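[1] fold the following, please.
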Amino acid sequence: MSKREIALVTGASRGIGRAVCIQLAKDGYDIVFNYQSGQEAALETKRLCEAEGANVCMVQADISSSEECTKLIDKAVEFGEGPVAVLVNNAGITRDNVLMRMKDEELDAVIDTNLKGTFYMMRGVSKMMLRAKKGRIINMSSVVGVMGNAGQVNYAASKAGVIGMTKSLARELASRKITVNAIAPGMIETDMTKKLPDDAKEAILKGIPMQEMGKPEDIANMVSFLASDKAKYITGQVFCVDGGMAI
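    Numbering: from 1, shown residues only. Predicted coordinates:
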């Protein structure tokens, strides 16, 4: 059982999710996170968080399923012996294609995970936060949800939807001192971007005013701020951490 406040992070076996877990562990939270596959990577996230002094519970769960989200939340409550203090909705997928060639299943998969999964998690956690009259919900949108991107109509729609849900839920929960904010990452160095050809990387960098990709820790630092008391009067906002892409 956990002794400290619980931070629940979805999609945290690697990349941004892992960096968020590690930072929140440093901030003094115990960590519950899910992974869908890749148990070895998830175990590494667990190990790194434990090295920061956190108690950690990892749960295999599919965020696109309402029932699986309920299972994950129940595990977090059991582990923490109380309500979740911070929810970070980070889990997300892409199924890129131009609109004319996009299949129904490519649209459905992205909407089910990115948009509906975020909804399911917010619905479940907000109930306990309302009873506690405290909490932080932080949703991972994307710069693509702010400015769009060719070949990602489904992804842009899901991430723009996350922004709409963030602002709406912020209005619903503000009177109970629960904040709901979104982060819109730009191009972040992950295992996926490291595999890009050099010419593709150069093309991406041309669209970033700061002329460099961000790091997962840049996003984790923003999560840390929004989860802290320093951000207690900030809600319903979207923070672009993108090197200036959305200017």
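[2] C-alpha only now, for contacts and for neighbours.
    Fine.
[3] now Leu72: how far from Arg136?
    Noted for Leu72: a distance of 17 Å to Arg136, by Cα to Cα, to the nearest Å.
[4] hmm, I typed the wrong one, I wanted Val110.
    Distance, Val110 to Arg136, using Cα to Cα: 25 Å.
[5] likewise for Ala91?
    17 Å.
[6] quick one: stretch 42-62 to chain centroid distance?
    Relative to the chain's own centre, stretch 42-62 is displaced by 16 Å; criterion: Cα atoms, centre = their mean, to the nearest Å.
[7] for this protein, which residue is closest to the average position?
    Asn90 (1.8 Å; Cα atoms, centre = their mean).
[8] my read is that that residue contacts Gly15, right?
    No - taking contacts as Cα atoms under 8 Å, Asn90 lies outside contact range of Gly15: 10.2 Å.
[9] which residues are in contact with the residue nearest to the centre of the chain?
    By Cα atoms under 8 Å, 6 or more residues apart in numbering, the residues touching Asn90 are 9-12, 16-17, 139-140.
[10] excluding its backbone neighbours, what's nearest Ser142?
    Leaving aside its sequence neighbours, Ser142 sits nearest to Ala184 (Cα to Cα, 6 or more residues apart in numbering; 3.9 Å).
[11] tell me which residues touch the one you found, please.
    By Cα under 8 Å, 6+ apart, the contact set of Ala184 is 140-143, 145-146, 238-242.
[12] quick one on the thing from earlier: of Val110 and Arg136, give the one with the bigger neighbour count.
    A count of neighbours by other Cα atoms under 10 Å puts Arg136 above the other of Val110 and Arg136, at 27 against 24.
[13] surely that one is in a helix?
    No - using DSSP: H, G, I helix; E, B strand; the rest coil, the assignment for Arg136 is strand, not a helix.
[14] roughly how far apart are it and Asn149?
    Separation of Arg136 from Asn149 (Cα to Cα) stands at 29 Å.
[15] swap in Gly135?
    From Gly135 to Asn149 the distance is 33 Å (Cα to Cα).
[16] and those two? Which one has more around it.
    Gly135 (23 against 12).
[17] now the more buried one, which residues is it bridged with?
    The partner list for Gly135 in beta bridges (DSSP bridges) reads Ile178.
[18] now the longest helix anywhere in the chain - C-alpha only, PDB.
    Longest among the helix segments of the chain by residue count, using DSSP state H, is helix 153-173. The C-alpha trace of helix 153-173 is given here as PDB (Å, rounded to 0.1, in the frame of the first residue of the first chain):
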ATOM      1  CA  VAL A 153      -6.800  14.200 -39.500                       C
ATOM      2  CA  ASN A 154      -7.700  11.500 -37.000                       C
ATOM      3  CA  TYR A 155      -5.000  12.400 -34.600                       C
ATOM      4  CA  ALA A 156      -5.600  16.200 -34.800                       C
ATOM      5  CA  ALA A 157      -9.300  15.600 -34.200                       C
ATOM      6  CA  SER A 158      -8.600  13.500 -31.100                       C
ATOM      7  CA  LYS A 159      -6.200  16.000 -29.700                       C
ATOM      8  CA  ALA A 160      -8.400  19.000 -30.400                       C
ATOM      9  CA  GLY A 161     -11.200  17.100 -28.700                       C
ATOM     10  CA  VAL A 162      -8.900  16.700 -25.700                       C
ATOM     11  CA  ILE A 163      -8.600  20.500 -25.500                       C
ATOM     12  CA  GLY A 164     -12.400  20.900 -25.700                       C
ATOM     13  CA  MET A 165     -12.900  18.300 -22.900                       C
ATOM     14  CA  THR A 166     -10.200  20.000 -20.800                       C
ATOM     15  CA  LYS A 167     -11.800  23.400 -21.000                       C
ATOM     16  CA  SER A 168     -15.300  22.000 -20.300                       C
ATOM     17  CA  LEU A 169     -14.300  19.900 -17.300                       C
ATOM     18  CA  ALA A 170     -12.300  22.800 -15.900                       C
ATOM     19  CA  ARG A 171     -15.500  24.800 -15.700                       C
ATOM     20  CA  GLU A 172     -17.400  21.900 -14.100                       C
ATOM     21  CA  LEU A 173     -14.800  21.300 -11.300                       C
END
